[in-house]
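**Q** sequence and predicted structure, then a few things I'm wondering about:
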Amino acid sequence: MSSPSPSKPASSEDIVAQKYDRCLADLLVKSGIGFSVGVVASVILFRRRAWPIALTTGFGAGAAYADCDRSFNPARIPGVRILQQAPPESK
């Protein structure tokens, strides 16, 4: 797959598609890590109960959701302000 040339700006559809791809990959990774931690905790600490697996998988999915939400709406990042651009002055 070739990347677009630097002189041609990326279309908004490509930008949104990249964000969705990043969000999906992040969801799979963080949920997988949560699942793994839950399995280990279940076996070692909680005598093979199921709830640690569900809890930590949910924590991973929730963290991925929060990151995706920040990706699509940067105004939700604490401490970030969206500045309005001044209208161009006509002469």
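**A** Happy to help now that I have it. Residues are numbered from 1 along each chain as shown.
**Q** and for residue 27, the neighbour number?
**A** Neighbours of residue 27 under the rule other CB atoms under 10 Å: 17. The C-beta positions use only the backbone N, C-alpha and C, and glycine is treated the same way.
**Q** tell me the secondary structure at it.
**A** In three-state terms, and counting by DSSP: H, G, I helix; E, B strand; the rest coil, residue 27 is helix.
**Q** okay, now residue 39: neighbour count?
**A** Count around residue 39 with other CB under 10 Å applied: 15.
**Q** and it, what helix or strand is that in?
**A** Following DSSP states H and E, the helix or strand that holds residue 39 is helix 12-44.
**Q** report the buried residues of stretch 31-49.
**A** 31, 34-35, 37-38, 42 (16 or more other CB atoms under 10 Å).
**Q** which one of those is nearest residue 88?
**A** Using CB to CB, residue 31 is the member of the buried residues of stretch 31-49 that sits closest to residue 88, with 46.3 Å.
**Q** out of everything not next to it in sequence, what's closest to the closest one?
**A** Nearest residue to residue 31 in three dimensions, chain neighbours excluded: residue 60, at 4.4 Å (CB to CB, 6 or more residues apart in numbering).
**Q** alpha carbons of the helix or strand in which that neighbour is found, as PDB, please.
**A** Here residue 60, judged by DSSP H and E, is contained in helix 51-72. Output in PDB follows, covering the C-alpha atoms of helix 51-72 (Å, rounded to 0.1, in the frame of the first residue of the first chain):
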ATOM      1  CA  TRP A  51     -15.500 -12.300  37.400                       C
ATOM      2  CA  PRO A  52     -11.800 -11.100  37.400                       C
ATOM      3  CA  ILE A  53     -11.600 -12.000  33.700                       C
ATOM      4  CA  ALA A  54     -14.700 -10.100  32.900                       C
ATOM      5  CA  LEU A  55     -13.700  -7.100  35.100                       C
ATOM      6  CA  THR A  56     -10.200  -6.700  33.700                       C
ATOM      7  CA  THR A  57     -11.400  -7.200  30.100                       C
ATOM      8  CA  GLY A  58     -14.000  -4.500  30.700                       C
ATOM      9  CA  PHE A  59     -11.300  -2.200  32.100                       C
ATOM     10  CA  GLY A  60      -9.200  -2.700  28.900                       C
ATOM     11  CA  ALA A  61     -12.200  -2.000  26.700                       C
ATOM     12  CA  GLY A  62     -13.100   1.100  28.700                       C
ATOM     13  CA  ALA A  63      -9.600   2.500  28.400                       C
ATOM     14  CA  ALA A  64      -9.700   1.900  24.700                       C
ATOM     15  CA  TYR A  65     -13.100   3.600  24.400                       C
ATOM     16  CA  ALA A  66     -11.800   6.600  26.300                       C
ATOM     17  CA  ASP A  67      -8.700   6.900  24.100                       C
ATOM     18  CA  CYS A  68     -10.900   6.600  21.000                       C
ATOM     19  CA  ASP A  69     -13.300   9.200  22.300                       C
ATOM     20  CA  ARG A  70     -10.300  11.600  22.800                       C
ATOM     21  CA  SER A  71      -9.100  10.800  19.300                       C
ATOM     22  CA  PHE A  72     -12.400  11.900  17.700                       C
END
